[in-house]
Each structure stands twice: as C-alpha cells, then as structure tokens.
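Asks: Quick one, structure for this:
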Amino acid sequence: MRRGTTTALLAALTAALTVALPPLRASADPPPHHRAARWTGTWEAAASGTVAELPGQSVRDVIHTSVGGRAARIRISNRLGTAPLVLGGVSVAVQVAGAPRSAAAVPGSVRTVTFHGAATTEIPAGHDAVGDPVPLRVPAGANLLVSLYTPGDSGPATYHRSALQTSFIAPDGNHTGDEGGTAYTTTTGSWYYLTGVDVLGAPAVGSVVALGDSITDGSGSTSNANHRWPDRLADRLRAQPPRGRLGVLNAGIAGNRILLDGTGPSALSRLDADVFSRSGVRALVVMEGVNDIKGSPNQTDPAAFGDAYRELAARAHAHGIRVIGATITPYGGNGGWTAAREAVRQAVNDLIRHGGIFDAVADFDAVVRDPAAPDRILPAYDSGDHLHFDDTGLQAMADSVDLASLTGENGP
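Replies: From the prediction side, this is the model:
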C-alpha cells in the first residue's frame, strides 16, 4: 500500500473512532451483541517510579496481550517525570511468535503511532498521552513490540521497574520502524514510558484490573513466561464465551501499599490513573495490604484497612465497577513476620471475608496456606522467600477466582 493511501486510511479511522467512541462508564456498556465495537484494555503496567532517561536511543517494550482486536491504541506516561517528554517516533508491531527474547517483528506488522495525526509529540511532566488508533490485527495471548524514540534529554523516565519480561534498547537513533531487531543490542528488565494497550472490537464484555503489590506484579514467577496470576487468569478468561470474557490489566507494583505511599503512589491515590482511566473496566480485584503490615512504618490498626477498602470500593462503585477483595496471603518464615503482625493480617482478612465491603471475595489465603502451619505458604507454592509464589502457586491463585464474580453473571 502506498504511503499516501496508508496515511489517508489512518486519518479516516482516527476521525471515525473519535466521533463514535466517546468515553463511557463501565456500567453504561450494553451487551456486546447490542453495541458498536468499543475499546477494551488488553494490557497495563502501572508507573512505579523513574529511571535515567535514554537520550538519542530507542526502547522496544515487549508486552503480552490478554484479548485481541482489529486495531490498537497505546498509552504513554510522563506522569512521574520532571520535564516534557519529547518522542521522535513511536511504533507498535507483533513480535515474532515463540521468540520472547527477540526484538524482531512479524514482517509487515510494524505500524507508526501518531498523536493527533503527528508522528512526534511532547508530553508535559505529570501527564499521560493516548495515541491515535492504529489499524493492526492484534492477536489474543501474543506479544507486541511498542518502540519509542527519545531524541534528547527529557529528564527522568517514568517506568515500571519489575517487568519480568525482556525488552530492548537501541543505543544509536530512531529504530522504531525496524522490523528486524539487530539495532536493539541492549536488554532491559523494565518497561519504559508505556503504561497501557487497548484493542478495538475485542470479543469480550470489558476488562478486569488487578490492583496489587509484588505478588500481583509477579515476583517469584518465571521471567518471559507470563505466569503472573493475572496472566493465568487471562488464560482462563480467553476460554470463556464472549459474554463472560474480559481483558486483564495488571496494575501490580512491587512494594505497593494501600494506606501509605511506598513503591509508587498508594493504591488509593492511584485509582484514577491505574483503574478508572482504563478502557471498559467492569471489575477490580484488590490485593493490597501485606506491605502495610510488614513494612516500615508498619500499620497495626485493622480498622484503618477497613476504612481504606470501603473508600476504594465506594469510588469504584461510583464508576459502575464491581470490586472483589482478595485476602492477604501468609508470609510466616519471611524476615518481616512477627506474631503481632500475623494477628493484624488475620483481623484484616476477617474484614475482607465478612465485613460486607466487597461484591465478592477471592480467598487467596485459604488457597495457598499450609494446613499444617496456616501462617506459612504451602511449600509446593513457595518461591523460596516465604512471601512470593512460584508458578504453581500463582496458577492456584488464578484458578481459585470465581469468574462469574467478575461480571456478576451466574454462568455462560
């Protein structure tokens, strides 16, 4: 296809979608067979901090989709930056299948991402940007390559530190349009700038956000394997009929808390950015609290947790979002454990189970604890630090989620 034809097609698609797709609250979405195609979140990474910028370099972030669609749009963040983020080029492509450690794209799949029709953009410090719609057939359960070129010094880069996924850096210029990966000679274990990908026309009723800490972020799981519990939940949801299918958005940040800022803003203070701004959110699974209990300063009042959970649930309900509370899993044997902190964990879990705060409960504690020592993780699920889970434990957590609780439906 000639360049002029491609540009005209993209401009027409952008204009049509801008008119046809106003922002809608999740509760306003009619059943999929009664509505026009809409955007669904397929992937997310919550901004967790900043790192040194990459002047004159291209970064190729590798991400894994939960649901597919016929077009894509990407979300870029300068939320934690201190200077305008200048992007000299952005692209999205499908990664070569079966090669998670490759920077190469499927031939013919590289698409330029524009912003209000321009191939370059500047994002002010403290802000996010959403690219124009890109016509691209996005597969479900596949890897995408999102490449960004920063021509100059834009100050500290907003990033997600613990990706558990190999991404790539080209140290010498704009290589966002490359199909091959030879220019990307350096690897990174973090995601730079990229915080979300949406797809158009997914065979799904919306998305579910997993809001959590390192356990949700995937610490302890196998890198480049997509074995975090939200990934495993996405595998289950893809097997459902469209009326019960959801995209899965992982808003976990290692070290995150609900009552205090820790690694990244607190769960309460990041709801707008990491949950309510996302496309088609129908449900929210909240697994936060262990870092408040065991961290410094540690929180000892279960009632404070209850108040925070109630505020979170009320704000989500105002957006038409169902809220599933996940119990705090055991960590006996870990260096942060004490008998007093265990008593707080038990009291908080009792609130989660029986406090009437949530629409449903995912009782991860009951699933992973050792029956012979309930303050500890079952040895078969322990990654080795007595806090985080191996792939088997994360699978057990995902398998325990009642899928009907995410949509409020009783069955397919």
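
Asks: Return the distance of residue 313 relative to residue 211.
Replies: Residue 313 is 12 Å from residue 211, where distance means C-beta to C-beta, to the nearest Å. Placement of C-beta: from N, CA and C, glycine included.

Asks: meant to ask about residue 356
Replies: Counting by C-beta to C-beta - residue 356 and residue 211 are separated by 20 Å.

Asks: So between the two, which is more surrounded?
Replies: Neighbour count, other C-beta atoms under 10 Å: between residue 356 and residue 211, residue 211 has more, with 27 against 8.

Asks: ok, then the element right after the helix or strand encompassing the more buried one?
Replies: Assigned by DSSP states H and E, residue 211 belongs to strand 207-212. Sequence order places helix 214-217 as the next helix or strand after strand 207-212, per DSSP H and E.

Asks: Which strands or helices does that next one pack on?
Replies: Under the contact criterion of 3 or more C-beta pairs under 8 Å, 6 or more residues apart in numbering; DSSP states H and E, helix 214-217 touches helix 229-238, strand 247-252.

Asks: could I get those as CSV with distance to residue 390, mean neighbour count and mean pLDDT?
Replies: Output for those, formatted as CSV (distance: least, C-beta to C-beta, whole Å; neighbours: other C-beta atoms under 10 Å; pLDDT from 0 to 100):
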stretch, distance to residue 390, mean neighbour count, mean pLDDT
helix 229-238, 11, 23, 98
strand 247-252, 16, 30, 98
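
Asks: Residue 324 is nearest to which of the ones you listed?
Replies: Closest to residue 324 of those is helix 229-238 (C-beta to C-beta; 11.1 Å).

Asks: mind saving the C-alpha coords of the strand holding residue 211 as CSV?
Replies: The C-alpha coordinates for strand 207-212 follow below in CSV (Å, rounded to 0.1, in the frame of the first residue of the first chain):
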residue,chain,number,x,y,z
SER,A,207,-11.8,-5.7,31.3
VAL,A,208,-10.8,-6.5,34.9
VAL,A,209,-8.0,-4.7,36.7
ALA,A,210,-5.8,-6.5,39.2
LEU,A,211,-4.6,-3.8,41.7
GLY,A,212,-1.9,-5.1,44.0
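
Asks: in its sheet, what does it sit against?
Replies: In the sheet, strand 207-212 lines up against strand 247-252 (parallel), strand 281-287 (parallel) (DSSP bridges).

Asks: On the three-state scheme, residue 63 is what?
Replies: strand (DSSP: H, G, I helix; E, B strand; the rest coil).

Asks: where's it relative to residue 126, distance?
Replies: For residue 63 relative to residue 126 (C-beta to C-beta), the value is 24 Å.

Asks: ok, now residue 336?
Replies: Between residue 336 and residue 126 the computed distance is 33 Å (C-beta to C-beta).

Asks: Contact partners for residue 393?
Replies: 220, 368, 377-378, 380-383 (C-beta atoms under 8 Å, 6 or more residues apart in numbering).

Asks: Highest neighbour count among those?
Replies: Among the contacts of residue 393, residue 377 has the most neighbours (other C-beta under 10 Å), with 26 neighbours.

Asks: Report pLDDT for that residue.
Replies: For residue 377, the model assigns a pLDDT of 98.

Asks: Surely it is in contact with residue 386?
Replies: Yes: taking C-beta atoms under 8 Å as the definition, residue 377 is a contact partner of residue 386 at 6.1 Å.

Asks: Need the residues touching each of those two.
Replies: With C-beta under 8 Å, 6+ apart as the test, residue 377 and residue 386 both reach 331-333.

Asks: Just the buried residues from the residues you listed, in PyMOL please.
Replies: In PyMOL syntax, the buried subset of the shared contacts of residue 377 and residue 386 is picked out as below (16 or more other C-beta atoms under 10 Å):
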select buried, resi 331+332
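
Asks: What sits closest to residue 155 if chain neighbours are left out?
Replies: residue 83 (3.4 Å; C-beta to C-beta, 6 or more residues apart in numbering).

Asks: In contact with the one you found, which residues?
Replies: 125, 153-155.

Asks: Go through the residues you listed and name the one nearest residue 180.
Replies: residue 154 (26.4 Å).

Asks: ok, now which ones touch the closest one?
Replies: 53, 55, 78, 81, 83-86.

Asks: CSV for these, including distance to residue 180, pLDDT and secondary structure?
Replies: Shown next, in CSV, are these (distance: C-beta to C-beta, whole Å; pLDDT from 0 to 100; DSSP: H, G, I helix; E, B strand; the rest coil):
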residue, distance to residue 180, pLDDT, secondary structure
53, 25, 93, coil
55, 23, 97, coil
78, 29, 98, coil
81, 30, 97, coil
83, 32, 97, coil
84, 31, 98, coil
85, 27, 98, strand
86, 26, 98, strand
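
Asks: top of these by neighbour count?
Replies: residue 78 (27 neighbours).

Asks: Any figure for the gap between that residue and residue 147?
Replies: As for residue 78, its distance to residue 147 is 17 Å (criterion: C-beta to C-beta).

Asks: For burial, what's the neighbour tally of residue 47?
Replies: Residue 47, neighbours per other C-beta under 10 Å, totals 26.

Asks: swap that for residue 175, please
Replies: 24.

Asks: quick one: it and residue 183 touch, right?
Replies: Yes: using C-beta under 8 Å, residue 175 makes contact with residue 183 at a distance of 4.2 Å.
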